[in-house]
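*Asks:* Sequence and predicted structure are below.
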Amino acid sequence: MGDGDVPRERPLRAALHLARHLASPWWILQFVKSPISYPRRLVVFILFLWGLGRLRSHDPTVRLTERNKVVIYLPRLLCDVLARLAWPLNMLLDVAPLAAQMYFARKPGVWPMPVKDLESMQTSGDASKARESILSEKVSVVPEETLTQLFGTLEPAHAEDLVAKTWEGKLIRTGTRALDLVDLVLARPLLVLGVGWGKRFRAPHRGDALILHWMDKIYFPMPMYGNASIVDMEYAGKTQATARYNHQPWNEHFRILNDGKESGKMVLLGAWCTRDTIGGWFTLTHQTEVETLSASNA
């Protein structure tokens, strides 16, 4: 090698080196290399998040409702930052539906199906019974074909039906979708400890994609998924309320299982999709006893 030659790194090593710098913010790399030398930068970064969060959100962080429930709110900026830091977990959730369909399904999935086929379906006895069973919470496992047929016959929900409300969630297993594993491994064990989950939409473009509650007394958001908007969007032949995530290619489409005119609580059937592929089913029930603080879209 001559004096003018520049040593070349191996292509794989160079690619990994570049990916490491592109995937991680510079302050994380510097802090990991020398944590003692950068405490001031870390403090400045925390103050930066707190300051901008206060500028973008004048809402109280903790609110005690009239019914003695503790409801926690987080600044939108903080949710966005934490969602970016949680990208490895979100990446796994993004590919999990495809992996589950490939390796864990006992039979091929039936979704997505052509819109014309979905529109041509009529409510069968199985779908009607499934609707009643889901509303009465007598079953937690419903065949995929039955849910698909039921979803196609339900009236669509609209964005204004979900805004300024807090919702209680419950997963429905089909035996063929990725959220089945989440229900068995996380949701049900946490429920034994008194921890449930749900969603909260404070404005059309301000929403918590996941909130947890303990003993129906303390409600706090999980910001790892970032902000979610609720808009009307066409899907499977109808225009319905759709939750769209800011940081992931995920959509959740909602149709009405119970309009709540008699029970006082609206119940929705939701289909969670990643890259237009169904990843699981769930229901949302309006929590009328939980006050939801409205917010601006900013």
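*Replies:* The structure has been received and is ready for your questions. Residues are numbered from 1 along each chain as shown.

*Asks:* Helices of the stretch 101-250 of the chain, start to end?
*Replies:* Counting by DSSP state H, counting those that start in this stretch, the stretch 101-250 of the chain forms helices over residues 115-120, 125-136, 144-153, 159-162, 179-182, 188-192, given from the N-terminal end onward.

*Asks:* What lies in contact with the longest one?
*Replies:* Contacts of helix 125-136 with the rest of the structure, by Cβ atoms under 8 Å, 6 or more residues apart in numbering, involve 139, 142-143, 146-147, 149-150, 153, 172, 257-258, 267, 269, 283. Just so you know, the C-beta spots here come from the backbone N, C-alpha and C atoms, and that holds for glycine as well.

*Asks:* For Ala241, which of the helices of the stretch 101-250 of the chain is the nearest?
*Replies:* helix 159-162 (4.8 Å; Cβ to Cβ).

*Asks:* Just the residues contacting that closest one, thanks.
*Replies:* The list of residues contacting helix 159-162 from outside it, by Cβ under 8 Å, 6+ apart, reads 201, 204, 230-232, 241, 243, 254, 256, 266, 268, 284.

*Asks:* With neighbour count as extra columns, can I get these in a markdown table?
*Replies:* Compiled in a markdown table, these are given as follows (neighbours: other Cβ atoms under 10 Å):
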| residue | neighbour count |
| --- | --- |
| Phe201 | 26 |
| Pro204 | 16 |
| Ile230 | 27 |
| Val231 | 13 |
| Asp232 | 14 |
| Ala241 | 24 |
| Ala243 | 23 |
| Phe254 | 27 |
| Ile256 | 18 |
| Met266 | 20 |
| Leu268 | 28 |
| Leu284 | 24 |
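
*Asks:* From those, which land in strands?
*Replies:* Using DSSP state E, the members of the contacts of helix 159-162 that fall within strands are 201, 230-232, 241, 243, 254, 256, 268, 284.

*Asks:* what's the most buried one of the helices of the stretch 101-250 of the chain?
*Replies:* Of all these, helix 144-153 has the most neighbours on average by mean count of other Cβ atoms under 10 Å, namely a mean of 21.
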